[in-house]
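>>> Requesting a structural model of the entry that follows:
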Amino acid sequence: MRRKLASIPLLACFLLGLASAATAEPPPSPPPDPDRPLLCCDGTLSPSCTCNGPRKGCCSHHKGVCGCAAE
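Model (predicted):
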């Protein structure tokens, strides 16, 4: 019985350590470069539209805008 009692605090510390590691937030990602071109939904890049510019008419012949191009 003595052996089980000695392992309870150790088990509690282990479980609390796992719980605190699981709730840790990942580091923030850097903001996207606003001058990157837009990504059209057909996989092409817009030659004239950027991520921070107006999107009206961008990628209109390429199935619309799907987001910003990857860096």
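>>> hang on, isn't residue 47 packed against residue 37?
Yes: between residue 47 and residue 37 there is a contact at 7.2 Å, judged by Cβ atoms under 8 Å. The C-beta positions use only the backbone N, C-alpha and C, and glycine is treated the same way.
>>> Of those two, which one has the most company?
Neighbours were counted for residue 47 and for residue 37 using other Cβ atoms under 10 Å; residue 37 has more, 17 against 7.
>>> which residues does the residue lying closest to the more buried one once chain neighbours are set aside form a beta bridge with?
Spatially, and ignoring its direct neighbours in sequence, residue 37 is nearest to residue 45 (4.5 Å; Cβ to Cβ, 6 or more residues apart in numbering). Counting by DSSP bridges, residue 45 forms beta bridges with residue 39.
>>> Could you report the neighbour count for residue 45?
Neighbours around residue 45, by other Cβ under 10 Å: 14.
>>> what's the answer for the one 4 residues further on, then?
Neighbours of residue 49 under the rule other Cβ under 10 Å: 18.
>>> Quick check: it is in a strand.
Yes: judged by DSSP: H, G, I helix; E, B strand; the rest coil, residue 49 forms part of a strand.
>>> That one reaches residue 58, doesn't it?
Yes: applying Cβ under 8 Å as the test, residue 49 and residue 58 come out as touching, 3.7 Å apart.
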